[in-house]
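**Q** 3D model of this:
(chains A and B)
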Protein chains: 2
Amino acid sequence: MSDLVFSVQGESASAAKFVAKTRNFTLVVDEPENLGGTDENANPVEYILAGLAGCLNVVGHLVAKELGFSLKKLTIEVTGNINADRLFGISTDERAGFKKIDLKLIPETDASIEVLAQWLRIVQDRCPVKDNLLNSTPVNVSVEKQYAVQ
Amino acid sequence: MSDLVFSVQGESASAAKFVAKTRNFTLVVDEPENLGGTDENANPVEYILAGLAGCLNVVGHLVAKELGFSLKKLTIEVTGNINADRLFGISTDERAGFKKIDLKLIPETDASIEVLAQWLRIVQDRCPVKDNLLNSTPVNVSVEKQYAVQ
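**A** Numbers count the residues shown, from 1 in each chain, chains lettered A, B, ... in the order given. Below is the predicted model:
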C-alpha cells in the first residue's frame, strides 16, 4: 500500500487558541486560564491523549475481529505527567513533554485472559500513535515570514 | 513547579469512533469510511497533528512575547506520511506511525529573520508535543477485563 498523507492547517485565534482544519472538520485547541488561554476547548496535550486513546480503540477493534472475539465496549483511561518548567523557560532540567503516559484499556468481552494478552501485544505493535510516542519521529519545521500588512 | 497531570477517559461508540472526555470537553475521534469509520470527525493521527500545531501556537506566542516582538497571526501547516501496512497487519517492513512530520510556521510579524531564527530554535526546544514526538516517551498499557453482562 502506498503512503497515506494526513494534513492539518490552521491559524491562531489568540495566543493560546488555535483553529485547525482537516478535511471537513474543525478542531479547536485552547488552554485553560491558568496556562494562559480562554478555556474554550481541550489543550494540545489533551489532544495527544485523545488521539492515542482513539487510535487504540480503532486498532483494538481491528485486532479483536482478526482474533475472532467481539468487543462489546472498550473503555480507555489515559493519564500523562508534564513538568512545565521547560515550557515556561524556568529550567531545562526536565524534558518539555509528557514524562510518561499511563493507559488502562477496559474491554467488555468474553475473550479469555490469554487471548486478551495476545490482543494487547498485537494492538500495541500496530497502533500508529503509540509508535509515534514510544519511538522517535522526525519533525521538520520551517518558517516562512509573512510581512505584516500595514 | 510540580508536575501537571492531564487525563482523558472515553469509550468506543463503534469500532472506529471514540468519544473522549477531558475536563469539561468532549473530543470525538472517528475514521473516514475508507479506514473503517463513519467519518464523523477527525481521525486519531489528525488529532496528533492538530495537537502539535496547537502546541507550537501556544509556545510560539509565549516565546515571541519573551523576545519582545508581536505575532499578529501565526498560520501553521502540518503534514505527515503513514504507511498503513503494519496497522492492517499486511507487513512489518515499516513502522506503524508517521514516518516523518513536516511543519511550516507562517508568522505575520515585524520581527527580523535573525530574531525569527532564534524564536524557532527556542520554540522547538520548549514545545511539549514536539518533544513527545521527536523523543521516546514511555507508554505503559494495562488491561482490566470487564465481564460482559448477560
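**Q** and the longest helix along chain A with helix B:44-67, angle?
**A** What stands out as the longest helix in chain A, according to DSSP state H, is helix A:44-67. Regarding helix A:44-67 and helix B:44-67, their directions subtend 160 degrees when assessed with axes from the mean of the first three to the mean of the last three CA atoms, to 10 degrees.
**Q** Could you export helix A:44-67 as CSV, CA atoms only?
**A** Only the C-alpha atoms of helix A:44-67 are listed here, as CSV (Å, rounded to 0.1, in the frame of the first residue of the first chain):
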residue,chain,number,x,y,z
PRO,A,44,-2.7,20.5,22.9
VAL,A,45,-1.5,17.7,25.2
GLU,A,46,-5.1,16.5,25.8
TYR,A,47,-5.4,16.3,22.1
ILE,A,48,-2.4,13.9,22.1
LEU,A,49,-4.0,11.7,24.8
ALA,A,50,-7.4,11.7,23.0
GLY,A,51,-5.6,10.8,19.7
LEU,A,52,-3.8,8.0,21.4
ALA,A,53,-6.9,6.6,23.0
GLY,A,54,-8.9,6.9,19.7
CYS,A,55,-6.1,5.1,17.9
LEU,A,56,-6.0,2.2,20.4
ASN,A,57,-9.8,1.9,20.0
VAL,A,58,-9.5,1.5,16.2
VAL,A,59,-6.7,-0.9,16.4
GLY,A,60,-8.2,-2.8,19.3
HIS,A,61,-11.4,-3.5,17.4
LEU,A,62,-9.5,-4.4,14.2
VAL,A,63,-7.3,-6.9,16.0
ALA,A,64,-10.2,-8.3,18.1
LYS,A,65,-12.0,-9.1,14.8
GLU,A,66,-8.9,-10.8,13.5
LEU,A,67,-8.6,-12.9,16.6
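**Q** That helix: which residues count as buried?
**A** Neighbour counts over helix A:44-67 (16 or more other CB atoms under 10 Å in any protein chain shown) mark A:44-64 as buried. Bear in mind the C-beta positions are built from the backbone N, C-alpha and C, glycine included.
**Q** can you check stretch A:130-140 too?
**A** By neighbour count with 16+ other CB under 10 Å, stretch A:130-140 contains the buried residues A:Lys130, A:Asp131, A:Asn132, A:Leu133, A:Leu134, A:Thr137, A:Val139.
**Q** what do you get for stretch A:13-23?
**A** Within stretch A:13-23, the residues scored as buried using 16+ other CB under 10 Å are A:Ala13, A:Ser14, A:Ala15, A:Ala16, A:Lys17, A:Phe18, A:Val19, A:Ala20, A:Thr22.
**Q** ok, the first one touching A:Val29?
**A** No: between A:Ala13 and A:Val29 there is no contact, the gap being 9.5 Å when judged by CB atoms under 8 Å.
**Q** what do these two both touch?
**A** With contacts defined as CB atoms under 8 Å, 6 or more residues apart in numbering or on different chains, the residues shared by A:Ala13 and A:Val29 are A:Val19.
**Q** Tell me how chain A divides into domains.
**A** Domain segmentation of chain A under automatic domain parsing yields A:1-41, A:43-134.
**Q** any chance of these in CSV, plus mean pLDDT and distance to B:Val8?
**A** Below are those laid out as CSV (pLDDT from 0 to 100; distance: least, CB to CB, whole Å):
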stretch, mean pLDDT, distance to B:Val8
domain A:1-41, 96, 13
domain A:43-134, 97, 4
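**Q** Now distance to B:Ser112 too, for those, in JSON lines please.
**A** Output for those, formatted as JSON lines (distance: least, CB to CB, whole Å):
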{"stretch": "domain A:1-41", "distance to B:Ser112": "20"}
{"stretch": "domain A:43-134", "distance to B:Ser112": "21"}
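**Q** still on that earlier bit, would you mind trimming the buried residues of helix A:44-67 to those in range of chain B?
**A** Near chain B, judged by CB under 8 Å from any CB of the partner chain, the entries from the buried residues of helix A:44-67 are A:44-63.
**Q** Might one say that A:Gln146 is in contact with B:Asp110?
**A** No: if you go by CB under 8 Å, A:Gln146 and B:Asp110 don't touch, sitting 10.9 Å apart.
**Q** Tell me which stretches of chain A form strands.
**A** In chain A, strands defined by DSSP state E lie at A:4-12, A:18-22, A:25-29, A:71-82, A:98-109, A:139-143, A:146-147, listed in chain order.
**Q** what pairs with the fifth one, and is each one parallel or antiparallel?
**A** Under the criterion DSSP bridges, strand A:98-109 sits next to strand A:71-82 (antiparallel), strand B:139-143 (parallel), strand B:146-147 (parallel) in its sheet.
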